[in-house]
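**Student:** Structure for this input, please:
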Amino acid sequence: MLSPLPPERADYDRGATVDIPLDSSKDLRMKEKELQAKEAELKRREQLSMYVSLEVQLSVNLDREEEIKRREDAAARAGIVFEEKNWPPFFPIIHHDIANEIPIHLQKLQYVAFTTLLGLFVCLLWNMIAVTTAWIEGEGLTIWFLAIIYFISGVPGAYVLWYRPLYRAMRTDSALKFGWFFLSYVFHIGFCFFAAVAPPIIFKGKSLTGILPAVDVLSNHALVGIFYLIGFGFFSLESMISIWVIQQVYMYFRGSGKVAEMKREAARSTMMSAL
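**Tutor:** Residues are numbered from 1 along each chain as shown. From the prediction side, this is the model:
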């Protein structure tokens, strides 16, 4: 009978521990410093990139400003004027700078002409108020619609047709622009005279606050009649000031020898159009 083999001793020890080397506190501090240095380097590069971008943008803006300045100078040499809207100050809708653009000896006349433009605004605004009162008192809706149309179209039309041509004529001393002003301003004066009288031609004339409708409504509606009489005074004053303006502009126009120049410019424009 065979005897069992003697037990063999294992070559390893199950209870043995393996030492894993850990970083010392000195190594941790070194790695922390390295990370901080890398982070600082990234921030420096970001700031440098941002600085370069700002420099590029500034250079582009400077180039654009120089280009705009060159174009403005070229336009000025060619006689083209850029008009920046600056009036009224709280809501600029037109360009207006008499003190800096109109010759000093013509500034007073230009200011009075501008007063007639504002005066027309006041006349048509009051006309709308008075006609609204008449409509409330039973004079009909049609005259109110007409008063609204006068106000909406009258003031912008006056600015485009005669005030802006006069402003540019004073600024550039253009004979043709003076001619256009005279033609349009005569119609302005004619309208003011017509409104001051308001003959019973269109809807019995009550769409305008003239003397005839004022007398007509005064007997039935005293308040409406008073409003119409005030409107008649506004239109009369506007007519007188406008006559003074056109007289003064015409005297300057004749005294400066613009008549012959206007004829030459008209002939030159006709020839260029024909060609």
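
**Student:** switch to C-alpha atoms for all contacts and neighbour counts from now on
**Tutor:** OK.

**Student:** Taking the centroid of the chain, which residue is nearest it?
**Tutor:** Centroid-nearest residue in the chain: residue 93, 3.6 Å away (criterion: Cα atoms, centre = their mean).

**Student:** Ramachandran angles for that one?
**Tutor:** Main-chain dihedrals, residue 93, degrees, to the nearest 10: phi -130, psi -20.

**Student:** list the contacts for it?
**Tutor:** Each residue near residue 93 by Cα atoms under 8 Å, 6 or more residues apart in numbering is listed here: 85, 86, 87.

**Student:** Show me where the stretch 51-200 of the chain dips below the pLDDT cut-off.
**Tutor:** 59-61, 65, 68-69, 71-82 (pLDDT under 70).

**Student:** what ranges do the helices span in it?
**Tutor:** 98-101, 107-134, 142-158, 164-172, 175-197 (DSSP state H, counting those that start in this stretch).

**Student:** buried ones in the shortest one?
**Tutor:** The one in question is helix 98-101. Within helix 98-101, the residues scored as buried using 16 or more other Cα atoms under 10 Å are residue 98.

**Student:** The last one now?
**Tutor:** Neighbour counts over helix 175-197 (16+ other Cα under 10 Å) mark 175-179, 181-182, 184-185, 188-189, 192-197 as buried.

**Student:** Equivalent analysis for the third one, please.
**Tutor:** Buried residues in helix 142-158, defined by neighbour count with 16+ other Cα under 10 Å: 143, 144, 146, 147, 148, 150, 151, 154, 155, 158.

**Student:** As CSV, these with distance to residue 169 would be great.
**Tutor:** Output for these, formatted as CSV (distance: Cα to Cα, whole Å):
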residue, distance to residue 169
143, 37
144, 36
146, 33
147, 31
148, 31
150, 27
151, 26
154, 22
155, 20
158, 16
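
**Student:** Residue 204 - nearest residue in space that isn't next to it in sequence?
**Tutor:** With Cα to Cα, 6 or more residues apart in numbering as the criterion, residue 204 has its nearest non-adjacent residue at 7.8 Å, and that residue is residue 213.

**Student:** So the one you found sits against residue 201, correct?
**Tutor:** No. In this structure, residue 213 is not within contact of residue 201 by Cα atoms under 8 Å, at 11.2 Å.

**Student:** higher neighbour count, these two?
**Tutor:** residue 213 (24 against 8; other Cα atoms under 10 Å).

**Student:** which SSE is that one in?
**Tutor:** If you go by DSSP states H and E, residue 213 is part of helix 211-218.

**Student:** chain center to that helix: distance?
**Tutor:** 40 Å (Cα atoms, centre = their mean, to the nearest Å).

**Student:** buried stuff in the very next helix or strand once past that helix?
**Tutor:** Sequence order places helix 222-255 as the next helix or strand after helix 211-218, per DSSP H and E. Residues 223-239, 241-242, 245-246, 249-250, 253 are the ones in helix 222-255 that count as buried (16+ other Cα under 10 Å).

**Student:** Thanks again, I'm all set now.
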